[in-house]
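Participant: My questions are about this predicted structure, shown below with the sequence.
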Amino acid sequence: MKKVEAIIKPFKLDDVREALSAAGITGMTAIEVKGFGRQKGHTELYRGAEYVVDFLPKVKIELVLADDQVEECINAITTAARTGKIGDGKIFVSDVTRVVRIRTGEENEAAI
Ligand SMILES: Nc1ncnc2c1ncn2[C@@H]1O[C@H](COP(=O)(O)OP(=O)(O)OP(=O)(O)O)[C@@H](O)[C@H]1O
Ligand SMILES: [Mg+2]
């Protein structure tokens, strides 16, 4: 199992959610975050205005998936979230060792 964490532009959240639903993803978490990449926030525009602070508003989505779903998930996110401009975001993939569904006690792939 893998965890996919993607930092995206906030206005892309709906498009990304729809693309992931179409790809058969069953659950995800979205969190409002602030961050910066290699431009350190300075040259990026947000809602038409240049931000004077280093941190820009972003949305982080998190999904835990079976290994064989990861490529399709990454394709869906990159296609839906890309504008071609700086700050489009980044995807991080890491290993997950255990998942438990609280209601039933099911574990791992059965709990995703
Ligand atoms: N190495 C990193 N570690 C953790 N978070 C990161 C990292 N790089 C980027 N992020 C997060 O992703 C957001 C978007 O990053 P961004 O797309 O600007 O990356 P970039 O490397 O500067 O690429 P680009 O040149 O396309 O802007 C940042 O605001 C930050 O929240
Ligand atoms: Mg950047």
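Facilitator: On my side now, so go ahead. Ligands and ions are numbered 1, 2, ... in the order given.
Participant: which secondary element of this structure has the worst mean pLDDT?
Facilitator: Of all the helices and strands that make up the chain, strand 49-50 has the lowest average by mean pLDDT, DSSP states H and E, namely a mean of 64.
Participant: How about residues contacting the helix or strand just after that strand?
Facilitator: Counting by DSSP states H and E, the element after strand 49-50 in chain order, helix or strand, is strand 56-65. For strand 56-65, the external contacting residues (Cβ atoms under 8 Å, 6 or more residues apart in numbering) are 1-10, 12-13, 16-17, 20, 25, 27-36, 41, 44, 46, 73, 77, 87, 89, 96, 99, 112. C-beta here means a position set from N, CA and C on the backbone, and glycine is covered the same way.
Participant: Kindly report the same for stretch 11-22.
Facilitator: Residues contacting stretch 11-22 (Cβ under 8 Å, 6+ apart): 6, 8, 28, 30, 59, 61, 63, 73, 76-77, 79-81, 83.
Participant: what's the neighbour count on Glu106?
Facilitator: A count of nearby residues for Glu106, using other Cβ atoms under 10 Å, gives 13.
Participant: whoops, Ser94 was the one
Facilitator: Other residues close to Ser94 by other Cβ under 10 Å number 9.
Participant: For it, give its distance to Ala111.
Facilitator: Applying Cβ to Cβ, to the nearest Å, the value for Ser94 to Ala111 is 18 Å.
Participant: returning to that earlier point: in strands, which of the contacts of strand 56-65 appear?
Facilitator: Of the contacts of strand 56-65, the ones assigned to strands by DSSP state E are 2-8, 29-35, 46, 89.
Participant: ok, of the contacts of strand 56-65, which come out buried?
Facilitator: Buried subset of the contacts of strand 56-65 (neighbour count, 16 or more other Cβ atoms under 10 Å): 1-2, 4, 6-9, 12-13, 16-17, 20, 25, 28, 30, 36, 41, 44, 73, 77, 87, 89, 112.
Participant: where does the residue of the chain found nearest ligand 2 land on pLDDT?
Facilitator: Going by Cβ to the ion, ligand 2 is nearest to Gly37 of the chain, at 3.0 Å. Listed pLDDT for Gly37 reads 88.
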